[in-house]
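> Okay, here's the prediction I keep looking at, along with the sequence it came from:
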Amino acid sequence: MLDALKSIFNIVDLRKKFIFTALMILVFRLGSHIPVSGVDTAKLAQLFGQGNLLGFLDLFTGGALLRFSIFAMGIVPYINASIIMQLLTIVIPQLEELAKEGDAGRKQISQYTRYLTVILAVFQSMGMAFWLRGVLFEGVNFPIFLVGTVVSLTAGSVFVMWLGELITERGIGNGASMIIFVGIISRIPSYIGQTVTLVKGGASLIGVTILVASLILMVVAIVFIQEGQRKIPVQYAKRVVGRKMYGGGSTFIPMRVNQGGVIPIIFASSVLLFPATLAQFIPVPFMQKISQWLSPSGNLYLWLYFILIFFFTYFYTAISFNPKELAENMKKHGGFITGIRPGEPTAQYLEYVVSRLTLIGALFLGLVAIIPNFMEGLTRITTFQGLGSTALLIVVGVAMDLVRQIETHLVTRQYEGLIA
């Protein structure tokens, strides 16, 4: 892996991609410090410190939401639009047919995703402006603030989406993932600084050591599970057309242990944190009591968190993996799994395998999600609170994908040299 990273600076093409990616990230980081006028940041910081949904969303913006900058929503509207379009592609037959048309169909779906991103950004920025109505400076005209906020945040989200697409096309890695990745790791120095200050103030050094060791072990476990897959061997029958023979050979179907990635954790966190956020704007005793029950430090929250992650893992796997369609495609091309008849028996076998793998993936995601809360309660060290399960899964996943892309580029370059 280190050799692959060193090659970035030795190969001209990779060096150009790396420099372009770094410049785009620099633009994103500069924009995240340009504030939208009218908001009292001190009051905003207090609002975020209460463990609500806004604090969770701030994880994906690298602190831009906390500063209420023009990139306050970051890449979040684009991610939401991508997830919605992915679900709609499965539900709506027209979109499903469009997705099967190859590059032309995928480009059209990408365009629909951009349109949906703008719509979501407008509504989210309007909602954010109304939510933050109580933290404005005195004398600020709210209608003017509302218009300025919607225009600024929507334009900022579209610009961040454009930066992400530029990184994907001309840089290294997936643009949207890279932006989130940079936003998360940009906060690590502040976590370390807060921890050092805490230790100087008398906090237990043993507790800090245990917490850091648990984070390292979690990273190792995430790498192990993320790379884990079940390879199902597939044999293709030979076909004789005229005097030529086609087909034959063998391959495998890679079925990952963690099919859903970080999406089940994001969905579960959003569902649980939404009532706490809503309770701040609906001063009703019943809502306040629900907010207390669903406090992230409570046992009820951890149990519900684990159960919801289990549910969303199975849900996302069910909508993203279609064993019947895969079995039909294999049958059309003369493929079969050894010992399993083509068609419906193959679909049942694939469904059986993916359900067992999903069980392991769901248990893994559930444990990864609750271990940071457990360790913080054990060590009483909360300075790494932002570097929880979601952040670790994203950081490790993006880093592994980045290394894979670099290695793929190196292999391609070697083959080009042999052909030349």
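Alright, I've got the coordinates. Numbering: from 1, shown residues only.
> what domains does the record give for this structure?
Here the domain parsing of the chain from automatic domain parsing is 1-187, 190-385.
> heading toward the C-terminus, what's the first helix or strand past the helix or strand bottoming out on mean pLDDT in the chain?
Using mean pLDDT, DSSP states H and E, the weakest-scoring helix or strand in the chain turns out to be strand 244-247, at a mean of 60. Downstream of strand 244-247, the next assigned helix or strand under DSSP states H and E is strand 250-256.
> my guess is residue 172 contacts residue 18, does it?
Yes. Between residue 172 and residue 18 there is a contact under Cβ atoms under 8 Å: 5.9 Å. Glycine gets a C-beta too; all of them are placed from N, C-alpha and C.
> higher neighbour count, those two?
For residue 172 versus residue 18, neighbours defined as other Cβ atoms under 10 Å are more numerous around residue 172 (22 against 17).
> got the contact list for that one?
By Cβ atoms under 8 Å, 6 or more residues apart in numbering, the residues touching residue 172 are 8, 14, 17-18, 21, 178, 402, 405-406.
> ok, 6 Å please
Contacts of residue 172 were listed using Cβ atoms under 6 Å, 6 or more residues apart in numbering, and they are 17-18, 21.
> Point out the ones among these that are inside helices.
The helices, defined by DSSP state H, take in 17-18, 21 from those.
> re the thing from before, take the domains of the chain and write them to CSV, including distance to residue 397.
Formatted as CSV, the domains of the chain follow (distance: least, Cβ to Cβ, whole Å):
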stretch, distance to residue 397
domain 1-187, 8
domain 190-385, 6
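> and residue 336, what are its phi and psi?
Main-chain dihedrals, residue 336, degrees, to the nearest 10: phi -150, psi 150.
> In this structure it contacts residue 345, no?
No. Residue 336 lies out of contact with residue 345 (Cβ atoms under 6 Å); the separation is 9.8 Å.
> neighbour-wise, which of those two wins?
Applying other Cβ under 10 Å to residue 336 and residue 345 shows that residue 336 carries more neighbours, namely 19 against 14.
> so what pLDDT did that one get?
Looking at residue 336, its pLDDT stands at 80.
> Check residue 419 too.
Residue-level pLDDT assigned to residue 419 equals 45.
> where does residue 308 fall, helix, sheet strand or coil?
helix (DSSP: H, G, I helix; E, B strand; the rest coil).
> how many other residues sit next to it?
A count of nearby residues for residue 308, using other Cβ under 10 Å, gives 21.
> Helix or strand: which one has the nearest residue to it once chain neighbours are set aside?
Leaving aside its sequence neighbours, residue 308 sits nearest to residue 268 (Cβ to Cβ, 6 or more residues apart in numbering; 3.7 Å). Take DSSP H and E as the rule and residue 268 turns out to sit in helix 263-279.
> Rounded mean pLDDT for that helix, please.
On average, helix 263-279 scores 70.
> before we move on, back to that, my guess is the residue nearest to residue 308 contacts residue 306, does it?
No. Shown here, residue 268 and residue 306 do not form a contact pair, counting by Cβ under 6 Å, at 8.6 Å.
> So for the two, which residue has more residues nearby?
Using other Cβ under 10 Å, the more surrounded residue of residue 268 and residue 306 is residue 268, with 24 against 18.
> so what's residue 310 closest to, chain neighbours aside?
Nearest to residue 310 is residue 362, by Cβ to Cβ, 6+ apart, at 4.6 Å.
> Counting by contacts, list what the helix or strand containing the one you found packs against.
Using DSSP H and E, residue 362 sits within helix 344-379. Using 3 or more Cβ pairs under 6 Å, 6 or more residues apart in numbering; DSSP states H and E, the elements in contact with helix 344-379 are helix 205-227, helix 299-320, helix 323-332, helix 389-419.
> Would you mind saying which of these lies nearest residue 69?
Taking Cβ to Cβ, helix 389-419 is the member of the helices and strands packed on helix 344-379 nearest to residue 69, at 19.9 Å.
> The closest one vs helix 299-320, what angle?
Helix 389-419 runs at 30 degrees relative to helix 299-320, counting by axes from the mean of the first three to the mean of the last three Cα atoms, to 10 degrees.
> between helix 389-419 and helix 205-227, how big is the angle?
50 degrees.
> Any buried residues in helix 389-419, and which?
389-399, 401-402, 405-406, 409 (16 or more other Cβ atoms under 10 Å).
> swap in stretch 357-377?
Residues 357-358, 361-362, 364-366, 368-373, 375-376 are the ones in stretch 357-377 that count as buried (16+ other Cβ under 10 Å).
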